[in-house]
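Engineer: turn this into a model:
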Amino acid sequence: TPTVDPWVMSTGTALGTTDNIRVQSTGEVTFPRTPAFFGYLAATVLNKSGTGTSYQLGADALTEVYDVNSDFTTAGVFTAPVDGKYSLTGSATIIDCTAATGMSISCVTSNRTYLRPFARAAGAQNLNNTVSINADMDSADTAVIQVLSTGEGGDTNDVFGAATNNNTSFGGFLLG
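Structural biologist: Have a look, this model is predicted:
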């Protein structure tokens, strides 16, 4: 008769504390120590861009939702613990625009920068953009998200954050 106990591959002798692979009797396979993280900006930060000045998510502390393997800081820096391909996604909303003509969001890794620009006619509408990439990273490589807006007379645009809305965020996980 099958048991309800999972099959476990563990790093140490204390099963259940350092599990690397778990296979449930239902067939679900999980990798509980695979790097994965998500953090968001919980409060709007003022006057961060408008003239092309870059703002790094985490310059004002991010709120961490989860961080499997402790590879992410509230300063917005993810450090790859092992060589691999990582799925990384950053999103940001810029508000209090008066004449903004564009926005860009970048995922900057140790190996390269992945840029997602957005241009428009000058306007007062909010700006939102997302970068989602699969990055090759070596152990100890880092990744951060940077945003900027253009077209204003000064750095008067705010980066939107809220405790109930994760519009400005950074997350990722190891693909393999």
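Engineer: neighbours of the closest residue in space to T101 that isn't next to it in sequence, how many?
Structural biologist: Spatial nearest neighbour of T101, excluding adjacent residues (Cβ to Cβ, 6 or more residues apart in numbering): G151 at 3.1 Å. Where you see a C-beta, it was placed from the backbone N, CA and C, and this is true even at glycine. Applying other Cβ atoms under 10 Å, we find 21 residues neighbouring G151.
Engineer: check the one 4 residues further on too.
Structural biologist: Neighbours of D155 under the rule other Cβ under 10 Å: 17.
Engineer: can you check the one 3 residues further on too?
Structural biologist: Around D158 there are 21 other residues, counting by other Cβ under 10 Å.
Engineer: flag the shaky bits of the chain, pLDDT-wise.
Structural biologist: 1-10, 12-24, 27-33 (pLDDT under 70).
Engineer: all helices for it, in order.
Structural biologist: Remark: helices of the chain are absent; assignment by DSSP state H.
Engineer: what residues are bridge-paired with the closest residue to D67 other than its chain neighbours?
Structural biologist: Nearest-residue entry for D67: F37, 4.6 Å, with adjacent residues in sequence omitted and distances by Cβ to Cβ, 6+ apart. Going by DSSP bridges, F37 is paired in beta bridges with D67, G172.
Engineer: tell me the contacts of F37?
Structural biologist: E64, Y66, D67, V68, D71, F72, F78, F170, G171, G172, F173 (Cβ atoms under 8 Å, 6 or more residues apart in numbering).
Engineer: can you list the residues you listed in a markdown table and add distance to T130 and neighbour count?
Structural biologist: Formatted as a markdown table, the contacts of F37 follow (distance: Cβ to Cβ, whole Å; neighbours: other Cβ atoms under 10 Å):
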| residue | distance to T130 | neighbour count |
| --- | --- | --- |
| E64 | 20 | 13 |
| Y66 | 20 | 10 |
| D67 | 21 | 16 |
| V68 | 22 | 16 |
| D71 | 22 | 19 |
| F72 | 18 | 25 |
| F78 | 17 | 27 |
| F170 | 11 | 27 |
| G171 | 11 | 21 |
| G172 | 13 | 25 |
| F173 | 16 | 16 |
